[in-house]
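Chemist: Okay, predicted coordinates and the sequence, questions at the end:
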Amino acid sequence: MASQEDRHRIYLSFQFRDCWRCYFLEPDLQTPLLRKVNFVSADKIIELVDRGGGLTDQESRLMVDQGIAMGRGGVWLHLTDEQYAKLKR
């Protein structure tokens, strides 16, 4: 398994507008990745963040939950090479 240092640090920004819209940004927070995803359920955002290594502790989970409650938020993900490659397509 790749260590945290070997992973790609990506920012996930999400907001609710008729559905949950998720955008991915490079660490400079200005360069978007090509892939965007939409979800009907906020549970899918939590699942995405968990798979992307973004739920590192209780505080990170609280931040995601607060973002969902407000209708917008963001969190840092730590992606494997394979996960990162999928976002670049």
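Modeler: Now that the structure is in, tell me what you want to look at.
Chemist: okay, the residue nearest to Pro32 when sequence neighbours are not counted: pLDDT?
Modeler: Of all residues not flanking Pro32 in the chain, Leu25 sits nearest, at 5.7 Å (C-beta to C-beta, 6 or more residues apart in numbering). Any C-beta I mention is one placed from the backbone N, CA and C, and that applies to glycine too. Among the per-residue scores, Leu25 holds a pLDDT of 98.
Chemist: Run a quick neighbour tally on Leu25.
Modeler: When neighbours are counted by other C-beta atoms under 10 Å, Leu25 registers 15.
Chemist: Any idea what it is bridged to?
Modeler: Beta-bridge partners of Leu25, counted by DSSP bridges, are Tyr11, Pro32.
Chemist: what's the average pLDDT for stretch 7-18?
Modeler: Regarding stretch 7-18, the rounded mean pLDDT is 97.
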